[in-house]
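> Got a predicted structure plus its sequence, pasted below:
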Amino acid sequence: MYQKIKTTDENGNLITLRYAAEKWLEERRLFVKPSTYARYIHTLRIHILPHLEHECIGELDTGRLNLYLQMLLSEGRIDKKGGLAPKTVYDIYVIVKAIIRFAEENYHISGYLPRTSN
């Protein structure tokens with residue numbers, strides 16, 4: 001038996017990665033240095049939102065996320081001349097995972113990503 005996954009907030013807004021990222025950024029701004037905040041914005045605009053902005057948080061599963069990360073490794077450079085470094089892809093993964101966890105905690109979404117310690 002499958003449980004229905006919540007996909008909207010209390011105001012009826014669809015909880016996409018873009019929506020969750022905007023709310024996550026608002027919260028993070030209070031707790032990080034301006035340089036870190038600027039890096040988050042840059043990473044979101046350049047690497048994350050062009051590929052995942054319309055993904056519904058409650059439906060973003062490990063398989064979809066892995067395909068995205070593999071794409072970044074093979075062809076993720078802005079100049080389209082190859083992939084990003086593994087450390088850069090890991091940093092992107094950490095941000096995406098933080099946004100998903102934020103959405104799960106604040107909108108009571110139980111998604112498909114496994115819980116890990118990092």
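Yep, that arrived.
> nearest spatial neighbour of the spatially most central residue of the chain, skipping sequence neighbours?
Per C-alpha atoms, centre = their mean, the C-alpha nearest to the average position across the chain is that of Val96, at 2.6 Å. Nearest residue to Val96, sequence neighbours excluded (C-beta to C-beta, 6 or more residues apart in numbering): Ile48, at 6.1 Å. (Glycine included, C-beta is placed from N, CA and C.)
> that older thread, check whether the residue nearest to the centre of the chain sits in a helix, strand or coil.
Under DSSP: H, G, I helix; E, B strand; the rest coil, the three-state class of Val96 is helix.
> ok, now which ones touch it?
Neighbour list for Val96: Leu17, Ile48, Leu52, Leu65 [criterion: C-beta atoms under 8 Å, 6 or more residues apart in numbering].
> Kindly indicate the member of the residues you listed with the most neighbours.
Leu17 (23 neighbours; other C-beta atoms under 10 Å).
> distance of it from Asp79?
Distance of Leu17 to Asp79, given as C-beta to C-beta, to the nearest Å: 24 Å.
> Asn11 too?
Asn11 is 40 Å from Asp79, where distance means C-beta to C-beta.
> swap in Met71?
Going from Met71 to Asp79 by C-beta to C-beta gives 15 Å.
> Those two: which is more packed in?
Neighbours per residue, other C-beta under 10 Å: of Met71 and Asp79, the larger number sits with Met71, 14 against 5.
> Next up, the contacts around that one.
Listed by C-beta under 8 Å, 6+ apart, the contact set of Met71 reads His51.
> That one: what secondary structure?
Following three-state DSSP, we place Met71 in the helix state.
> Tell me the pLDDT of it.
Note on Met71: pLDDT of 97.
> now Leu49
For Leu49, the pLDDT comes out at 97.
> now Ile92
For Ile92, the predicted pLDDT is 98.
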